[in-house]
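Visitor: Sequence and computational prediction follow.
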Amino acid sequence: MKQKHLSRYSEHLPDEFSIRHKISEETEKKNFHLHEQLEIIYPLSSNLYCRYEDGALQVPAGAFLLLGRMNLHYLYKDGPGMCDRYVLYFSPNYISGLSTDRTDLLHCFSGFDSKPVLLTVPESDLTNTQQLITDMEAAHEGSDYGSDLLVKLRLGELLIRIGRLYAQQKIAPGPSLTAETDGSASAHLTYDICDYIAQHCAEPLTAESIARTFFISRTMLYRIFSETAGMSPGDYILRLRITRAKDLLLNTDLSAEIIGGRVGYPNLSSFSRMFRAQTGCSPQQFRHSMH
């Protein structure tokens with residue numbers, strides 16, 4: 001990786017849901033970072049860019065940028081004028097109850113890829129999309145009876161729109177979910193397991209221990225991860241640990257040994273060996289190369 005970051009930054013977000021309309025001369029976050037939440041960026045100006053591990057994307061006005069747990073990223077402005085965008089994030093559990101066997105609202109976030117998803121809204125839908133986001137923001141700021149439920153309903157409608165765009169525009173979609181595999185149930189269970197892995201990342205984790213925790217067989221665990229995430233549970237744990245380690249290397253002064261312990265490696269040698277195998281460099285080299 002050759003990209004440079006500009007300043008250290010560690011973001012702390014509320015647990016469930018937030019939507020903010022931001023208009024500024026510059027974006028305030030200029031260092032690679034992660035979120036536990038799922039994030040949707042919707043720019044109204046055409047000067048917003050997203051840097052991710054292997055490149056950068058221009059995020060045009062009237063497009064959705066989807067950021068998941070594996071997306072080490074930062075946003076920056078390039079061009080004249082104010083940077084105008086909506087920033088929305090939420091935990092998977094906040095909305096998962098609205099999904100059904102036919103409609104998995106979070107499927108467009110389930111690729112578990114390091115590259116964010118960028119989806120363009122057709123010109124004919126721009127006005128309705130803008131109104132939906134504005135209505136969601138108003139409901140979130142309101143205190144009237146039912147306003148909390150309206151937020152979830154508006155978010156569900158937005159995710160349906162995004163899901164349809166994803167199906168139309170995604171060139172290489174992730175594994176599809178079918179009725180034969182009880183798609184929504186598999187997806188929900190996978191998200192719950194991912195939450196569990198995220199919360200226990202520093203602890204010893206194996207497919208067997210995770211399967212016992214969720215009262216399923218090891219075979220079923222591998223099946224639903226393959227269907228939903230396109231990888232094994234072990235691969236997901238490894239990728240999450242290395243991505244979190246990158247975040248800590250860039251956003252803290254902690255030693256590599258302490259960081260390794262925080263992401264589940266009992267000693268520096270095992271952490272360094274695994275980190276090098278995944279990135280081609282040592283933790284120290286990665287930290288220095290990004291400065």
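Guide: Great, that's in hand.

Visitor: following the least confident helix or strand in the chain by mean pLDDT, which helix or strand comes up?
Guide: In the chain, no helix or strand scores lower on mean pLDDT, DSSP states H and E than helix 183-199, which sits at a mean of 76. Proceeding N to C from helix 183-199, the next assigned helix or strand is helix 207-213, under DSSP states H and E.

Visitor: Need the contact partners of stretch 280-289.
Guide: With C-beta atoms under 8 Å, 6 or more residues apart in numbering as the test, stretch 280-289 has contacts from 1-2, 245-246, 249-250, 256, 259-260, 271-272, 275-276, 279. Yep, even glycine has a C-beta here, placed from its N, CA and C like the rest.

Visitor: Now a ChimeraX select for only the buried ones of those residues.
Guide: Entered in ChimeraX, the line below selects the buried ones among these, by 16 or more other C-beta atoms under 10 Å:
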select :245,246,249,250,256,259,260,271,272,275,279
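
Visitor: which ones among the contacts of stretch 280-289 are found in helices?
Guide: Ala245, Lys246, Leu249, Leu250, Ala256, Ile259, Gly260, Phe271, Ser272, Phe275, Arg276, Thr279 (DSSP state H).

Visitor: Format the residues you listed as a markdown table; extra columns: pLDDT.
Guide: Below are the ones in helices among the contacts of stretch 280-289 laid out as a markdown table (pLDDT from 0 to 100):
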| residue | pLDDT |
| --- | --- |
| Ala245 | 94 |
| Lys246 | 93 |
| Leu249 | 93 |
| Leu250 | 89 |
| Ala256 | 95 |
| Ile259 | 95 |
| Gly260 | 95 |
| Phe271 | 96 |
| Ser272 | 95 |
| Phe275 | 95 |
| Arg276 | 95 |
| Thr279 | 92 |
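
Visitor: thinking again about what came up before, pull out the buried positions in the least confident helix or strand of the chain.
Guide: Result for helix 183-199 [16+ other C-beta under 10 Å]: buried residues Gly183, Ser184, Ser186, Ala187, His188, Leu189, Thr190, Tyr191, Ile193, Cys194, Ile197.

Visitor: and of the contacts of stretch 280-289, the nearest to Thr134?
Guide: Within those, the smallest distance to Thr134 is 34.9 Å, found for Leu250 (C-beta to C-beta).

Visitor: and the closest one, how far is that from Ser24?
Guide: Relative to Ser24, Leu250 is positioned 23 Å away (C-beta to C-beta, to the nearest Å).

Visitor: again with Phe17
Guide: From Phe17 to Ser24 the distance is 22 Å (C-beta to C-beta).

Visitor: more neighbours, those two?
Guide: Phe17 (19 against 11; other C-beta atoms under 10 Å).

Visitor: And the residue nearest to that one when sequence neighbours are not counted, how far from Ile19?
Guide: Once flanking residues are discounted, Phe17 sits nearest to Phe90: 4.4 Å by C-beta to C-beta, 6 or more residues apart in numbering. According to C-beta to C-beta, Phe90 stands 9 Å off from Ile19.
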